[in-house]
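**Student:** My questions are about this predicted structure, shown below with the sequence.
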Amino acid sequence: MTSDTPTTDPRLTNLDGFRVEIDAERERADVILARPPMNVIAMPQRDEIRKVFEALDEDPRVRVIVLRAEGEHFSSGGYIKGFLDASPEHVSKLAWNMAAPARCSKPVIAANRGYTFGVGFEISLACDFRIVSETCRYALPEQKLGQIPGSGGSARLQKIVGITRTKDIVMRSKRIPGRQALDWGIATECVADADLEKATDALVEELRAFSPIAQRTAKKLLNDTEDASLSIAIELEGHCYSRLRQADDFREGVEAFHAKRAPRFTGS
């Protein structure tokens, strides 16, 4: 996959341990971990990943972002020695950097296979969709180092599976197979390893068919109301619904429905 338009944003070039590919025709960007065989994520890489997601969020060529990796493992986690060398100020920003997919207004898909440990699991949890192969093994193994997850892993996981299962995963450094991750609601879909790319491609195309402004609104609303009371969440949903009624895409959707044709959404 190559970009149809030369990449000029410096945030997308000279990257440490990963690369970005943009397919403008398919309105897709791939952020690809590329430090085989385990795709370890180094400290400087975390800052770069945040900047890449910020750049892609601003790129009009991109509608959907895929986070994936080269080889048979997504990532075995962070570069352990780097934790001892990093300053306290740098370490305090780890969770903010790895939350970049959640802050991005566009849909983000994580395609996970093999070891998806530590920060590899944490950044996947910050994505909107997690498609896993049957080879995927999720884990937060920091207890084996005398530590706890530091990039949002335990907090995000507890929101998804509850405190009991989160303690089981975190306090025992337990590995969760892909099929179990699907059963527990961690994964969106679990497929055979040979079908991971095909399943990811299919989801990209599915998401592209929707209105960009409706997708952005839904993502922000769901993220913002995750900690809200039911009454506040319903109130915010109503406000978002009301604003979308003024959008060109809503008019186009209604007209297309009555004309029995596919809508042509523009994102306005």
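**Tutor:** Nice, thanks for sending it over. This is a predicted model, so every value here is computed, not measured.
**Student:** roughly how far apart are residue 197 and residue 214?
**Tutor:** According to C-beta to C-beta, to the nearest Å, residue 197 stands 27 Å off from residue 214. In short, each C-beta sits where N, CA and C put it, glycine included.
**Student:** Ok, residue 257 next?
**Tutor:** Counting by C-beta to C-beta - residue 257 and residue 214 are separated by 14 Å.
**Student:** okay, these two: which has more neighbours?
**Tutor:** Between residue 257 and residue 214, counted using other C-beta atoms under 10 Å, residue 214 has the larger neighbour count: 17 against 10.
**Student:** just how off-centre is the helix or strand hosting the more buried one within its chain?
**Tutor:** For residue 214, the enclosing helix or strand under DSSP states H and E is helix 212-224. Distance, stretch centre to chain centre, for helix 212-224: 14 Å (C-alpha atoms, centre = their mean, to the nearest Å).
**Student:** Spatially, what comes nearest to residue 179 if we skip its sequence neighbours?
**Tutor:** Spatially, and ignoring its direct neighbours in sequence, residue 179 is nearest to residue 190 (5.3 Å; C-beta to C-beta, 6 or more residues apart in numbering).
**Student:** Quickly list what the one you found is bridged to.
**Tutor:** residue 132 (DSSP bridges).
**Student:** Give me the pLDDT value at it.
**Tutor:** Per-residue confidence (pLDDT) for residue 190: 98.
**Student:** List the contacts of it.
**Tutor:** By C-beta atoms under 8 Å, 6 or more residues apart in numbering, the contact list for residue 190 reads 131, 132, 133, 134, 136, 178, 179, 181, 182.
**Student:** any idea how far it lies from residue 151?
**Tutor:** Counting by C-beta to C-beta, the gap from residue 190 to residue 151 is 24 Å.
**Student:** and what of residue 223?
**Tutor:** 17 Å.
**Student:** who's more crowded, the two?
**Tutor:** Higher neighbour count among residue 223 and residue 151: residue 151, with 29 against 13, using other C-beta under 10 Å.
**Student:** Next up, the contacts around residue 111.
**Tutor:** 66, 67, 68, 69, 74, 131, 196, 197, 200.
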